[in-house]
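Trainee: model this:
(2 chains)
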2 protein chains.
Amino acid sequence: MAAKHTTRKEDYSKWYNELVQRADLAEHSDVRGCMIIKPYGFAIWEKMKEVLDQKFKDTGHSNAYFPLFIPKSYLSKEASHIEGFAKECAVVTHYRLKNAEDGSGLIVDPDAKLEEELIVRPTSETIIWNSYRNWIQSYRDLPILINQWANVVRWEMRTRLFLRTTEFLWQEGHTAHATAQEAQEETSKMLEVYADFAEHYMAMPVVKGRKTESERFAGAVDTLCIEALMQDGKALQAGTSHFLGQNFAKAFDVKYADKEGKLAHVWATSWGVSTRLMGALIMCHSDDEGLVLPPLLAPIQVVAIPIYKSPEDLERISEKFEALRILLKEKGISFKYDDDDNRRPGWKFSEYETKGVPIRLAMGARDLESGKVELARRDIKSKEVVDFEGVADFIENLLGEIQEGLFNKAKDFRLENTTEASDYSAFKKQINKGGFVSAHWDGSSETENKIKAETQATIRCIPLDQKMEDGICVYSGKPSKGKVLFAKAY
Amino acid sequence: MAAKHTTRKEDYSKWYNELVQRADLAEHSDVRGCMIIKPYGFAIWEKMKEVLDQKFKDTGHSNAYFPLFIPKSYLSKEASHIEGFAKECAVVTHYRLKNAEDGSGLIVDPDAKLEEELIVRPTSETIIWNSYRNWIQSYRDLPILINQWANVVRWEMRTRLFLRTTEFLWQEGHTAHATAQEAQEETSKMLEVYADFAEHYMAMPVVKGRKTESERFAGAVDTLCIEALMQDGKALQAGTSHFLGQNFAKAFDVKYADKEGKLAHVWATSWGVSTRLMGALIMCHSDDEGLVLPPLLAPIQVVAIPIYKSPEDLERISEKFEALRILLKEKGISFKYDDDDNRRPGWKFSEYETKGVPIRLAMGARDLESGKVELARRDIKSKEVVDFEGVADFIENLLGEIQEGLFNKAKDFRLENTTEASDYSAFKKQINKGGFVSAHWDGSSETENKIKAETQATIRCIPLDQKMEDGICVYSGKPSKGKVLFAKAY
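Mentor: The predicted structure is shown next:
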């Protein structure tokens, strides 16, 4: 079966598109650029949400919900924000349809034109800060630590499932603070939450860094990010956390009175991750046979398949697996027993391989006799026969081992694909090969733009652990204070 | 404090509007008809979601996500559906803004007009059944049991927080089946899920019934519902479950091959509850002092307030409550210790009363000496001093008692406010007094419409446990087969 599918080597992009659909994660809808997230894909997203939501609550945040629609005029209030966001968006102009008088069908009722057009939110800073104005009077009302899980719309011309879609799902944190320092600490704290999630749950190593001025969020004073490396050597921005300074507080006139009664503008942050993480998860670990999922985010961690000729064998195998199900449930391990007799074992093996189930068990009549079970690992495609007795403990340990193994493999890959370049011709060669290229940069947007135009590489970030050292810019030859990370990116 | 607020007797509707805002549940946004759900309100909604979502999963359903936008032409495909839904809706006509050439600000770019307008989903039957066509080939693909948590938009002219808003949050189940019987069983099963949730979690008794033809969902063959009675004697439809027959399968040409290879149209259901349940929850239990929440949906079940003069007292009281917090956590009881020294105890008492926290504890220096704690119940406003030793067990039992007490109180209220009417003049009098009126009806839409025009009462439902008995229609004097439930409604 596997041979029929496009491999990563043949065409990475096609491999990805095919995989998303054959693992039943998502598909395109008839609505341009909007995807349908199918149950298996959504189950992975739900696991991500659950973990992140708990982390947000553990760090003191509450969820709330703000309107889908933003009045057009709000978008213009923060000058740089509008330049970055408002242009490509869905605009609601009318609020009613009616039957055409000529019987030709439904038409937009021209009498139901809105006085002010509404924009389907591309992000919610403006509508949220417009509310915060009424919520904040004194220092006692601060900090406000709110998160929202929502759908947002950005009218994209070229879309790819999960990676870039017109509508996508995300969470957006929006916090308000009395001091710049507190807001900056929040910005860093949430970046750490994202990095911890990426590394410990997605098993995806990330570089924590700071965006250059030209790559900053529209309206931010400082944008922190986590950057991951995909198997084709392209980087992917997996999450961002912004220090917004007083920009939105000033645009929406949000002030607080301190203990002495003195009025000052409030300090802000915003931070978000989206269904784009699904794309990152898929591209980070999967192989030519199908999806590979880290156990902590796999909707099914263990699948068991009976191999039988007689109903008696099936019954005895089912009893064994039922006992195992109970043991695994106690350990919080999700288990699926697939005894559907419309499908043959071979079909099932291939199905769960495609879907990236970390551990597959199979038991036949001979295993029954000998007290054994066949155990296959999805990540390294190994197979072994183990004692059925004690297999629950074995599985529990193995899931931890797989989780760690995936992270280490991805980390080794990143290490092998991170190089240093000291002159521009080497730089270009390395960028074309793929991976992160660490190089000195003179700090100017001009140089950054020229490199981008000539090589398609962007500065992914100035790593937070950047070593301060004098050097020579790889492009301009001007002085540099330290190396930054370049790559082609999604 | 309480005296300043509108009471239920004075003006029920004003009492509700004030309460939603002073308990910090939600507020109006600047966008017409769209609400902001504030953290405390959203925490209650999250609890509802969590319980319902688990119930959906326990009954075999999976979550998925379909696009926010529906092409205009889809809405016309199912004839009765469009009549019921598509008219009052948000219409996206353009996908870009631009800066006006005269510098006057942002305008809609006339060059970015969509070929076909997109409708912000008022409900998702059409876009989902358009997808199911590709998902269903054979009986092996059935049933499809999918739920979606989403925001939807219906352009309402008169809105009220939670009860009727332009944008609201909801879940919509959409299932596909091989036979009519299986779909009908699903319709009933989900109604039971809703009824169980309403009664056992919301502590809100409901009547399970069937809508009359004129009150049916647009596109449904049969609509089941749960109806609750609010404290002002008006009914509220709290959830619906629809048997859609083959209407959407025919409109979107969704067929499956049975075991013999014969093609037939698929049978469908859909079912939903929304943030309207928040309105029902508030109106069912709350009193003039504030919110009353059933313990199973209360974000904070127990709040503890220290009353102290010296830092030493505070420290000793804090130690006691910290020990209690650990005990309650083990029992899964949510606990808040409010030692904020910017607020006085009296302010806090009033605050948690307004917010409906079921149990409030207070401890002072004298309680410390005597090993006691003061415990106040929000539901019946009782106060007693109990031994601190063993208070965790006491609280655990009490929360169950409160939950049951709220349900019984609401059930008694409904019983007292459900009357029978055998002639029309009595009927009118009873309807004006409020509550459910059980009366014979001749089964015609004509009679139903006349009663509605003359009294504003609608047939809330034909109860599922309706007794079949010959009678005389309360309005027309024509023969009737059984009594139905009338009421004025939200």
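Trainee: Please count neighbours and contacts with C-alpha atoms only from this point.
Mentor: Fine.
Trainee: Using CSV, list the CA coordinates for stretch A:184-197.
Mentor: C-alpha atoms of stretch A:184-197 as CSV (Å, rounded to 0.1, in the frame of the first residue of the first chain):
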residue,chain,number,x,y,z
GLN,A,184,7.3,41.9,29.7
GLU,A,185,7.4,39.2,32.3
GLU,A,186,4.0,37.9,31.1
THR,A,187,5.3,37.9,27.5
SER,A,188,8.2,35.8,28.5
LYS,A,189,6.2,33.5,30.8
MET,A,190,3.8,32.6,28.0
LEU,A,191,6.6,32.0,25.6
GLU,A,192,7.9,29.5,28.1
VAL,A,193,4.5,27.9,28.3
TYR,A,194,4.5,27.4,24.5
ALA,A,195,8.0,26.1,24.4
ASP,A,196,7.3,23.6,27.2
PHE,A,197,4.2,22.5,25.3
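Trainee: Let me see the mean pLDDT of it.
Mentor: In this model, stretch A:184-197 has a mean pLDDT of 98.
Trainee: Equivalent analysis for stretch A:471-478, please.
Mentor: 97.
Trainee: which stretch of helix or strand covers the residue in the stretch 251-400 of chain A that chain B sits nearest to?
Mentor: Of all residues in the stretch 251-400 of chain A, A:Asn342 sits closest to chain B, at 8.2 Å by C-alpha to the nearest C-alpha. Element membership for A:Asn342, per DSSP states H and E: none, as it lies in no helix or strand.
Trainee: got it, and the one 10 residues further on?
Mentor: Element membership of A:Tyr352 [criterion: DSSP H and E] is helix A:345-354.
Trainee: The next helix or strand after that helix - contacts with which helices or strands?
Mentor: Later in the chain than helix A:345-354, the nearest helix or strand by DSSP H and E is strand A:359-363. Applying 3 or more C-alpha pairs under 8 Å, 6 or more residues apart in numbering or on different chains; DSSP states H and E, we find strand A:359-363 packed against strand A:302-306, strand A:372-377.
Trainee: now, of these, which is deepest in the fold?
Mentor: Of those, the one with the most neighbours on average (mean count of other C-alpha atoms under 10 Å in any protein chain shown) is strand A:302-306, at a mean of 24.
Trainee: Could you list the paired strands of that strand along with their orientation?
Mentor: Next to strand A:302-306 in the sheet, as set by DSSP bridges, lie strand A:335-337 (parallel), strand A:359-363 (parallel).
Trainee: tilt between the last one and helix A:345-354?
Mentor: Right, the one you point to is strand A:359-363. With axes from the mean of the first three to the mean of the last three C-alpha atoms, to 10 degrees applied, the angle from strand A:359-363 to helix A:345-354 works out at 170 degrees.
Trainee: Now do strand A:359-363, average pLDDT.
Mentor: On average, strand A:359-363 scores 98.
Trainee: before we move on, what about the first one?
Mentor: When pLDDT is averaged over strand A:335-337, the result is 98.
Trainee: Name the residues of that strand that come out as buried.
Mentor: A:Phe335, A:Lys336 (16 or more other C-alpha atoms under 10 Å in any protein chain shown).
Trainee: any idea how far it is from the chain center?
Mentor: With C-alpha atoms, centre = their mean, to the nearest Å as the basis, strand A:335-337 stands 27 Å off its chain's centre.
Trainee: contact partners of that strand?
Mentor: A:Ile300, A:Gln301, A:Val302, A:Val303, A:Ala304, A:Ile305, A:Phe321, A:Arg325, A:Leu328, A:Lys329 (C-alpha atoms under 8 Å, 6 or more residues apart in numbering or on different chains).
Trainee: Can you list the buried residues in the lengthiest helix in chain A?
Mentor: Under DSSP state H, the helix in chain A containing the largest number of residues is helix A:391-416. The neighbour-count check on helix A:391-416 (16+ other C-alpha under 10 Å) flags A:391-392, A:395, A:398-399, A:402-407, A:409-411, A:413-414 as buried.
Trainee: does any part of the helix or strand encompassing A:Phe42 sit near chain B?
Mentor: Take DSSP H and E as the rule and A:Phe42 turns out to sit in helix A:39-58. Yes - applying C-alpha under 8 Å from any C-alpha of the partner chain, one finds helix A:39-58 in contact with chain B at A:Pro39, A:Gly41, A:Phe42, A:Ala43.
Trainee: just the buried members of those?
Mentor: A:Pro39, A:Gly41, A:Phe42, A:Ala43.
Trainee: Show me which of the residues you listed is closest to A:Pro311.
Mentor: Nearest to A:Pro311 among these: A:Pro39, at 31.6 Å, using C-alpha to C-alpha.
Trainee: any idea how far the nearest residue to that closest one once chain neighbours are set aside lies from B:Glu448?
Mentor: In this structure, A:Pro39 finds its nearest non-sequential neighbour in B:Ala64, 4.7 Å apart by C-alpha to C-alpha, 6 or more residues apart in numbering or on different chains. As judged by C-alpha to C-alpha, to the nearest Å, B:Ala64 and B:Glu448 stand 39 Å apart.
Trainee: now A:His61
Mentor: For A:His61, the distance to B:Glu448 - C-alpha to C-alpha - is 50 Å.
Trainee: what do you get for A:Ser370?
Mentor: From A:Ser370 over to B:Glu448 (counting by C-alpha to C-alpha), the distance is 72 Å.
Trainee: what's the answer for A:Gly219, then?
Mentor: Distance, A:Gly219 to B:Glu448, by C-alpha to C-alpha: 57 Å.
Trainee: re the thing from before, going by distance to A:Lys483, which of the buried ones among the residues of helix A:39-58 next to chain B wins?
Mentor: A:Gly41 (38.2 Å).
Trainee: so what's that closest one up against?
Mentor: Counted by C-alpha under 8 Å, 6+ apart, A:Gly41 has contacts A:Asp24, A:Leu25, A:Ala26, B:Ala64.
Trainee: okay, now the domains of chain A?
Mentor: Following automatic domain parsing, one gets these domains for chain A: A:2-285, A:300-398, A:418-487.
Trainee: Mind listing the residues bridging to A:Ile36?
Mentor: Bridge pairing for A:Ile36 - DSSP bridges - gives A:Glu27.
Trainee: Tell me, how many residues neighbour it?
Mentor: 25 (other C-alpha atoms under 10 Å in any protein chain shown).
Trainee: Then A:Val474?
Mentor: That count, for A:Val474 with other C-alpha under 10 Å as the rule, works out to 24.
Trainee: looking at chain A, which residue lies furthest from center?
Mentor: A:Asp102 (48.7 Å; C-alpha atoms, centre = their mean).
Trainee: Averaged pLDDT, stretch A:303-316. What do you get?
Mentor: Per-residue scores along stretch A:303-316 average to 96.
Trainee: quick one: buried residues of that stretch?
Mentor: A:Val303, A:Ala304, A:Ile305, A:Pro306, A:Ile307, A:Tyr308, A:Asp313, A:Leu314, A:Arg316.
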